[in-house]
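*Asks:* Build me a model:
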Amino acid sequence: MPDLDHERQFNAPVIGIDEAGRGPWAGPVTVTAIWLCPSAYDALPAGIDDSKKIKPPRRAALAAALMAPPHLSQTVSIEVAQIDQMGILKATFAGMVMAASELADKLVKAGWGAPVHALVDGNLLPPDMPLPATALIKGDSRSLSIAAASLIAKTARDQIMQDLALVYPDYGWASNMGYGTKAHQAGLDQFGLTPHHRHSFKPIRRYLDVGD
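*Replies:* Alright, predicted model coming up:
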């Protein structure tokens, strides 16, 4: 289970960063940066963990609690056009930098001071991260801040895909969230591409018209 050991190494604000949606064939990649207020550590809800281990209703409830004061968070989504232009890794990095920068501004404006460190899920860090950072492999199972970020990012992105599914109901996005399931592939075979499909992803390229 994740804990606060990494956060407690610092006597100033530390933020956790995680993303949702690097792998799907459609939709944005969504990144959350979060600061958990140390004075409220003891009041954190039970069960904060890697978002993939938690069922959607509980995940949404946890995300709502974590977005409430005194904690502060920032969530950004990088759309398909930017993913196709930059590639998914650079687009994810751009989201991390944006979320971290905007959360830092929130912390300063709220009087908490600028964050001194970021804990980032994974084994790579954005080269232009605006503050010192540590990459933690399986960070959402090790750091409560990263786990909290994963819950919020996943909940936010799932809502985006469920909203898109109302407009494009033929791809199963309300349940597969844009991942390459059989239902999604069947929708592509029958109805073709939408503006929300990632043209830079190999499974999608075969659906592109010649010269597209």
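
*Asks:* helices and strands around the least confident helix or strand in the chain by mean pLDDT, which ones?
*Replies:* Across the helices and strands of the chain, mean pLDDT, DSSP states H and E gives its lowest value to helix 202-205, namely a mean of 94. Packing partners of helix 202-205 (3 or more C-beta pairs under 8 Å, 6 or more residues apart in numbering; DSSP states H and E): none among the helices and strands. C-beta here means a position set from N, CA and C on the backbone, and glycine is covered the same way.

*Asks:* Now find how far off-centre it is within its chain.
*Replies:* The chain centroid and the centroid of helix 202-205 are separated by 23 Å under C-alpha atoms, centre = their mean, to the nearest Å.

*Asks:* ok, residues contacting that helix?
*Replies:* Residues external to helix 202-205 that are found in contact with it (C-beta atoms under 8 Å, 6 or more residues apart in numbering): 25, 180, 185, 188, 193, 197, 198, 199.

*Asks:* cutoff 7 Å now
*Replies:* Helix 202-205 is contacted by residues 25, 180, 193, 197, 198, 199 when judged by C-beta atoms under 7 Å, 6 or more residues apart in numbering.

*Asks:* are any of those residues buried, and which?
*Replies:* 25, 180, 193, 197, 198 (16 or more other C-beta atoms under 10 Å).

*Asks:* how about the residues you listed in a markdown table, adding pLDDT and distance to residue 205?
*Replies:* Shown next, in a markdown table, are those (pLDDT from 0 to 100; distance: C-beta to C-beta, whole Å):
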| residue | pLDDT | distance to residue 205 |
| --- | --- | --- |
| 25 | 98 | 11 |
| 180 | 97 | 13 |
| 193 | 97 | 10 |
| 197 | 98 | 10 |
| 198 | 98 | 10 |
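
*Asks:* So which bits of the least confident helix or strand of the chain are buried?
*Replies:* The neighbour-count check on helix 202-205 (16+ other C-beta under 10 Å) flags residue 204 as buried.

*Asks:* Could I have the CA atoms of it written out in CSV?
*Replies:* Extracted as CSV, the C-alpha positions of helix 202-205 are listed here (Å, rounded to 0.1, in the frame of the first residue of the first chain):
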residue,chain,number,x,y,z
LYS,A,202,-0.2,2.0,-35.1
PRO,A,203,-3.6,0.2,-34.7
ILE,A,204,-5.3,3.3,-36.0
ARG,A,205,-3.1,4.0,-39.0
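
*Asks:* Show me what secondary structure element comes after the helix of greatest length in the chain.
*Replies:* Using DSSP state H to define each element, the chain has its longest helix at helix 144-167. Reading on from helix 144-167 to the C-terminus, the next helix or strand found by DSSP states H and E is helix 173-176.

*Asks:* buried stuff in whatever helix or strand comes next after that next one?
*Replies:* Proceeding N to C from helix 173-176, the next assigned helix or strand is helix 182-191, under DSSP H and E. For helix 182-191, burial by neighbour count (16+ other C-beta under 10 Å) applies to 184, 185, 187, 188.
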